[in-house]
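[1] Return atomic coordinates for the entry below.
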Amino acid sequence: MHVPDGFMDSPTCVVAGAAALLGVTHAARSLRAERPDDDRVPMAALVATFVFAAQMVNFPVADGTSGHLIGGAVAAVLVGPATAVVCLSGVLVVQSIFFADGGVTALGVNVTLMALVATVAGWIVFRGALRLLPRGRAAVPVAAAVGGLASVPVAAAAFAGLFAIGGRAHVDAGDLLVSMVEWHSLIGVGEAVITGLVVAAVMAVRPDLVHGARGPRVVEGVRA
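    Below you'll find the predicted structure:
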């Protein structure tokens, strides 16, 4: 999903960069409302470290294709969507500058797709799934897995839309959309498994640290 330099034309990169800057700025201003307690910074640091490490590991999908965790959904469930946006943006900046994973000129595109679109989509689907599932502690990781599953093809569809507008190669927009969504739906299965397992592990030992477990459907032992 990391877009390299040269994939998008300059106007698209500039517009995506502006959108990324606005989104990250809004998220930064919303941090305190999400997690006002003292565990905000340690949890954000742990989530950012986990996402950074997990994104460096690729898993096979099919026909020689591999995928890696985006991490938007798991980060949003653990620390809240605004904090997740800031965490993933920081990860993407470090990867781009120090590891050449994603182009520097395409940094705004990558932040928009992975830190904004994937995170927000994963969070919205997670909240919707949580409302539909029976109340209980087990519902949180299941809903998180559903959010993770949905977040990847949604981000892939957003990439296809951006490429149709400002891509440097001549590719049929419909074919690109179908191909991206199909392959990334398979990658989304891996995202769902990792997301569900990680959230389940944290819920088992410290459910009070899971932002997504707070609210009207809070289970016993979880702070609202």
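[2] CA only for contacts and neighbour counts going forward, please
    Fine.
[3] what's near enough to touch residue 181?
    Shown in contact with residue 181 (CA atoms under 8 Å, 6 or more residues apart in numbering): 153-154, 156-157.
[4] Quickly note the distance from it to residue 192.
    Using CA to CA, to the nearest Å, we find residue 181 at a distance of 15 Å from residue 192.
[5] Also residue 98?
    Distance from residue 98 to residue 192, by CA to CA: 28 Å.
[6] out of these two, which sits in the busier spot?
    Set residue 98 next to residue 192 and count neighbours by other CA atoms under 10 Å: residue 192 wins out with 27 against 9.
[7] The more buried one in helix, strand or coil?
    helix (DSSP: H, G, I helix; E, B strand; the rest coil).
[8] so it touches residue 152, yeah?
    No: when contacts are counted by CA atoms under 8 Å, residue 192 is not listed as touching residue 152 (9.3 Å).
[9] Contacts only, for the residue nearest the centre of the chain.
    Note on the chain: the residue nearest the mean C-alpha position is residue 72, at 1.7 Å, using CA atoms, centre = their mean. Contacts for residue 72 (CA under 8 Å, 6+ apart) come out as 84-85, 88, 114-115, 118-120, 122, 148, 151.
[10] what do you get if the cut-off is 10 Å, keeping everything else the same?
    51, 81, 84-85, 87-88, 114-123, 147-148, 151-152, 191, 195 (CA atoms under 10 Å, 6 or more residues apart in numbering).
[11] just residue 192 next, same as before
    Contacts of residue 192 by CA under 10 Å, 6+ apart are 69, 71, 73-74, 141-152, 198.
[12] now do residue 1
    Here residue 1 is in contact with 67-70, 101-102, 110, 113-114, 152, 155-156, 159, 180, 184 (criterion: CA under 10 Å, 6+ apart).
[13] Now a ChimeraX select for only the buried ones of those residues.
    A single ChimeraX command selects the buried members of those (16 or more other CA atoms under 10 Å):
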select :67,68,69,70,101,102,110,113,114,152,155,156,159,180,184
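[14] For this protein, which residues score under the pLDDT cut-off?
    35-40, 59-66, 215-224 (pLDDT under 70).
[15] mind redoing it with 50?
    The model of the chain has pLDDT under 50 over residues 221, 223-224.
[16] residue boundaries of the helices in this protein?
    10-29, 31-34, 40-55, 72-79, 81-99, 107-110, 118-132, 139-166, 173-205 (DSSP state H).
[17] Could you report the neighbour count for residue 45?
    12.
[18] what does the one 10 residues further on give?
    Around residue 55 sit 17 other residues, with neighbours defined as other CA under 10 Å.
[19] List the contacts of residue 148.
    Here residue 148 is in contact with 69-77, 118-119, 121-123, 125-126, 142, 188-196 (CA under 10 Å, 6+ apart).
[20] Nearest spatial neighbour of residue 213, chain-adjacent residues omitted?
    residue 140 (6.4 Å; CA to CA, 6 or more residues apart in numbering).
[21] Could you do residue 152 as well?
    residue 188 (5.3 Å).
[22] Contact partners for the one you found?
    Per CA under 10 Å, 6+ apart, neighbours of residue 188: 67-70, 145-154, 181-182, 194.
[23] hang on, the earlier thing: show me the residues around the residue nearest to residue 213 that make contact.
    Residues in contact with residue 140 (CA under 10 Å, 6+ apart) are 77, 126-127, 129-130, 133, 146, 196, 199-200, 203, 207, 210, 212-214, 217-219.
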